[in-house]
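Asker: After the sequence you'll find the predicted model.
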Amino acid sequence: MGTRDQDQDDVVEPARPPLTAEQAREVTAGLREAMDDVRRTVALLAARVRAAHAARVWTPLGYGSWESYCATEFDISRAQAYRLLDVARALAAIHDAVAAGPGTSRTRDSDPAAAAALDYGLSQRALIAVSGRTDTVTQLITRRLAALAHSGLQALDEPTVRAVVRQAVRDLRTAPPPPPAEPSADPALAELRRVVDDLAAHTHQLGELMLEVAPAYLSDTAAADVLAPLCEQIGENLDNGLAARRYAMSGDLRALHGTVL
């Protein structure tokens, strides 16, 4: 797979004169701008889909359902029509959580364009991934925004809110999977697995606490400065607290090797 990917990198475009570093930065900036435009379009589309579905726009046009309306008017499949609704509902739930947060009342407007104005930089895939768990992701967002507001360490400006939302969605998508339904037949191995699972679950909770105080956009060094007083207060080793924070962000048990595990 690695060789194939490398080959694809080599043959996507015909050979061209090599770019200077400045030219490469310009190309990268243009690509980043295009990606941001796509994400903003997803946000605006989701807001308008929500408004159209809430108004039952298909009825006055003589369609029997949302799916038949989408099929005729936009030539998209039933699955695509309902994926649009999933995206719209997920983004609406996130927007409502942000609007209800401390210091974010400026986002309470219900107009679709206004609802999309605060762009969270979330892809359609990310929104679909959390559409069935909106309660969980909104709880994460609400809790983290409240923790930031109460700590006074960070102003709740748009970049901060955006970072909190993106990290909450990322954390939910990478959360540790539940333990296997079928325990091992070996009692000793099953007990060891239970102990590790319990330890991982408690460590993930600790990591969530660490993230509320030191959000994920802080480096480990910056987070250590913020978390040192908290770890001392709760009697937790700082290295363990930082490892738990990394585990809560990634869902990867390897983040705990050499510390908690």
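Answerer: Looks like it came in fine.

Asker: Now name the helix or strand holding residue 210.
Answerer: helix 187-213 (DSSP states H and E).

Asker: in that helix, what's buried?
Answerer: 200, 203-204, 206-213 (16 or more other Cβ atoms under 10 Å). C-betas here are computed from N, CA, C, even on glycine.

Asker: Just send these back as JSON lines, with distance to residue 57 and pLDDT too.
Answerer: Shown next, in JSON lines, are those (distance: Cβ to Cβ, whole Å; pLDDT from 0 to 100):
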{"residue": "200", "distance to residue 57": "47", "pLDDT": "77"}
{"residue": "203", "distance to residue 57": "48", "pLDDT": "84"}
{"residue": "204", "distance to residue 57": "43", "pLDDT": "79"}
{"residue": "206", "distance to residue 57": "48", "pLDDT": "83"}
{"residue": "207", "distance to residue 57": "44", "pLDDT": "81"}
{"residue": "208", "distance to residue 57": "40", "pLDDT": "75"}
{"residue": "209", "distance to residue 57": "45", "pLDDT": "77"}
{"residue": "210", "distance to residue 57": "46", "pLDDT": "82"}
{"residue": "211", "distance to residue 57": "40", "pLDDT": "74"}
{"residue": "212", "distance to residue 57": "41", "pLDDT": "72"}
{"residue": "213", "distance to residue 57": "45", "pLDDT": "77"}
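
Asker: TSV for those, including distance to residue 145?
Answerer: Shown next, in TSV, are the buried residues of helix 187-213 (distance: Cβ to Cβ, whole Å):
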residue	distance to residue 145
200	26
203	24
204	20
206	20
207	18
208	14
209	15
210	16
211	12
212	10
213	13
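
Asker: how about the strands of the chain, start to end?
Answerer: With DSSP state E as the criterion, the chain has no strands.

Asker: do you know how far residue 169 is from residue 240?
Answerer: Residue 169 sits 26 Å away from residue 240, going by Cβ to Cβ, to the nearest Å.
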